[in-house]
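>>> quick one, structure for this:
(6 chains)
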Protein chains: 4
Amino acid sequence: MLIRISESSGKPIYQQIRDEIVAAIAAGRLEEGAVLLSARKLGKELGVNYHTVNNAYNLLSSEGFVVLDSKKRVVVEPHELVTDEFKQKWRQSETMKIREGLAHGLSKGELKRLFAKFLEEA
Amino acid sequence: MLIRISESSGKPIYQQIRDEIVAAIAAGRLEEGAVLLSARKLGKELGVNYHTVNNAYNLLSSEGFVVLDSKKRVVVEPHELVTDEFKQKWRQSETMKIREGLAHGLSKGELKRLFAKFLEEA
Amino acid sequence: MLIRISESSGKPIYQQIRDEIVAAIAAGRLEEGAVLLSARKLGKELGVNYHTVNNAYNLLSSEGFVVLDSKKRVVVEPHELVTDEFKQKWRQSETMKIREGLAHGLSKGELKRLFAKFLEEA
Amino acid sequence: MLIRISESSGKPIYQQIRDEIVAAIAAGRLEEGAVLLSARKLGKELGVNYHTVNNAYNLLSSEGFVVLDSKKRVVVEPHELVTDEFKQKWRQSETMKIREGLAHGLSKGELKRLFAKFLEEA
DNA sequence: GTGGTCTAGACCACC
DNA sequence: GTGGTCTAGACCACA
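Numbers count the residues shown, from 1 in each chain, chains lettered A, B, ... in the order given. Just a heads-up that it's a prediction; the model follows:
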């Protein structure tokens, strides 16, 4: 599953797990319909409490990245659906990041260039 | 200063203050060398504890948006300096946001288009 | 028998089976005295463990929708009998649902109208 | 606050708390803008762990009955907003309840009458 | 074996 | 003092 937890990153563990799984979906390492490890198993693998993994799974579910099926398995969602809620949140955080760049003296052109670079690397 | 605090936004108050000031700098409403209200005054204006305002000011200072001068005044930093630390943070959060978009099925083209749109509006 | 199981509905499977059978009785597709498939057969048809089907059958029996006859067959109950227990449960859940509607700002008239609409469609 | 917890009801405690608060809002005992006790205080009052109360509060928040403001207080939501999601859930559970009544031999007229009665009492 | 729920104790960020 | 997060141990419903 290729998830790594960093003790010192400051990010809550459940966030890190969530982020890694989102990254895996984005990169195509987890395809639609893929079934994640059970919370208990992943917890054992990562050395964290299974409640923590569950937290991450529930978050992913509420964000629409996965669904929890009747057997409580966690399945990667067919992701053609982009909710308005997501777009709005995305907009807010992008806007804030752009403002930070501008406030630091970066020009709009530079910001665009940086974004394009990140996009290629993602 | 035109700072508005929202009780229900979920964001911590000190974050909101910090964000509004960054936005003001980005938009040019606060120019280099401008002096911010003292924490006590701004706190009174906004109806929040002055420790909270101080928190925001310290955050802004640590991010390089302002400097605390010898008289404890808070001065907007000449902002041609973009720290590597800032770039790195920016990169991290952008990368994560991009991954979220991809994981939701947005194409790179769409992401670029959305970013350009937000850039114009900021 | 026309029972469909949804993996992702969140409802336990035995509940889904129970609900579908209740719906069939309500719609007249299962008449008094009709004999249901054995738990094993229905389980095989639906691709679920027969214990799960048994669970549903026992629930239906305890609710008075079916009886388990001497040959262990499951027979649809002559349904003129409405137990007080059922009425009480019905009352409780209806009351809660009504309260939720009121708490969300729906008027009693609207609630009545909605109920009538659902009644026609059921 | 008039919340009573029953050990033997079978309902999870956090559900009971949630239900009681919804009932209080529906009955007008909790008006828009009212502030609930902190999770810790209510927990102490009811003799349950504060996490359990928090569960109830988060549930109420996700259902749109209350908002958690920036100071983490729990405030009763202005409830003119009825989400489609709520209506859909309401529809599903009503439909099922109606079917149960029909399967027990109750006529549509009787169901309507019962509903009206419950509505008056709520 | 799995997740849901509850309890409980700990540390931390925020106010 | 407050909730957020994490850990942990327990019981139960479900499959």
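>>> okay, now the domains of chain A?
A:13-76, A:84-121 (automatic domain parsing).
>>> if I look at the residue of chain A found nearest chain D, how far off is residue A:77?
Of the residues in chain A, the one nearest chain D is residue A:62, at a distance of 8.4 Å by Cβ to the nearest Cβ. Backbone N, C-alpha and C define where each C-beta goes, glycine included. Separation of residue A:62 from residue A:77 (Cβ to Cβ, to the nearest Å): 12 Å.
>>> show me which of the two is the more surrounded one.
residue A:77 (21 against 10; other Cβ atoms under 10 Å in any protein chain shown).
>>> report the inter-axis angle for the longest helix that chain A contains versus helix B:84-103.
Ranked by number of residues, the top helix in chain A under DSSP state H is helix A:84-103. Counting by axes from the mean of the first three to the mean of the last three Cα atoms, to 10 degrees, helix A:84-103 lies at 160 degrees to helix B:84-103.
>>> looking at this, residue A:75 is in a strand?
Yes - counting by DSSP: H, G, I helix; E, B strand; the rest coil, residue A:75 falls inside a strand.
>>> count of neighbours near it?
Counted by other Cβ under 10 Å, the residues lying close to residue A:75 total 18.
>>> correct me if wrong: it contacts residue A:60.
No - checked against Cβ atoms under 8 Å, the pair residue A:75 and residue A:60 is beyond contact range at 10.6 Å.
>>> residues in contact with the residue in chain A positioned nearest to DNA strand F?
Chain A approaches DNA strand F most closely through residue A:12 (2.8 Å), counting by Cβ to the nearest atom of the strand. Applying Cβ atoms under 8 Å, 6 or more residues apart in numbering or on different chains, we find residue A:12 in contact with no residue.
>>> output the contacting helices and strands for whatever helix or strand residue A:16 lives in.
According to DSSP states H and E, residue A:16 maps onto helix A:13-26. Helices and strands touching helix A:13-26, by 3 or more Cβ pairs under 8 Å, 6 or more residues apart in numbering or on different chains; DSSP states H and E, are helix A:50-62, helix B:84-103.
>>> how far out from the middle of the chain is the first one?
From the chain centre to the centre of helix A:50-62 is a distance of 12 Å (Cα atoms, centre = their mean, to the nearest Å).
>>> how about it: buried residues?
Going by neighbour count (16 or more other Cβ atoms under 10 Å in any protein chain shown), the buried part of helix A:50-62 is A:50, A:52-60.
>>> how close does the residue lying farthest from the centre of chain A get to residue A:111?
Among the C-alpha atoms of chain A, the one farthest from their average position, using Cα atoms, centre = their mean, is that of residue A:105, at 29.4 Å. Residue A:105 sits 11 Å away from residue A:111, going by Cβ to Cβ.
>>> same question for residue A:43.
The gap separating residue A:43 from residue A:111 is 40 Å, by Cβ to Cβ.
>>> who's more crowded, the two?
More crowded of residue A:43 and residue A:111, by other Cβ under 10 Å: residue A:111, with 22 against 19.
>>> which strands or helices does the longest helix of chain A pack on?
The helices and strands touching helix A:84-103, judged by 3+ Cβ pairs under 8 Å, 6+ apart, are helix A:108-121, helix B:13-26, helix B:84-103, helix B:108-121.
>>> kindly confirm my reading that residue A:70 is in a helix.
No - Residue A:70 is assigned coil when assessed by three-state DSSP, not a helix.
>>> tell me the contacts of it?
Taking Cβ under 8 Å, 6+ apart, we find residue A:70 in contact with C:5-13, C:16.
>>> got those as TSV, with distance to DNA strand E and pLDDT columns?
Listed next are the contacts of residue A:70 as TSV, based on distance: Cβ to the nearest atom of the strand, whole Å; pLDDT from 0 to 100:
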residue	distance to DNA strand E	pLDDT
C:5	17	86
C:6	16	83
C:7	14	76
C:8	13	72
C:9	13	77
C:10	9	77
C:11	12	87
C:12	10	90
C:13	12	92
C:16	16	93
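>>> low-confidence regions, chain A specifically.
Scanning chain A for pLDDT under 70 picks out A:1, A:80-81.
>>> which positions in it make contact with chain C?
A:67-71, A:75 (Cβ under 8 Å from any Cβ of the partner chain).
>>> pipe those into CSV and attach distance to DNA strand E per row.
Output for those, formatted as CSV (distance: Cβ to the nearest atom of the strand, whole Å):
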residue, distance to DNA strand E
A:67, 12
A:68, 6
A:69, 10
A:70, 11
A:71, 8
A:75, 12
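>>> which one of these sits closest to residue B:90?
Using Cβ to Cβ, residue A:67 comes nearest to residue B:90 of those, at 32.6 Å.
>>> and the closest one, what element?
Using DSSP H and E, residue A:67 falls within strand A:66-68.
>>> that strand and chain B, are they touching?
No - using Cβ under 8 Å from any Cβ, strand A:66-68 never reaches chain B; the gap is at least 10.0 Å.
>>> quick one: that strand near chain D?
No - using Cβ under 8 Å from any Cβ, strand A:66-68 never reaches chain D; the gap is at least 15.4 Å.
>>> gap between the residue farthest from the centre of chain A and DNA strand E?
26 Å (Cβ to the nearest atom of the strand, to the nearest Å).
>>> same question for residue A:85.
To DNA strand E, residue A:85 is 22 Å away according to Cβ to the nearest atom of the strand.
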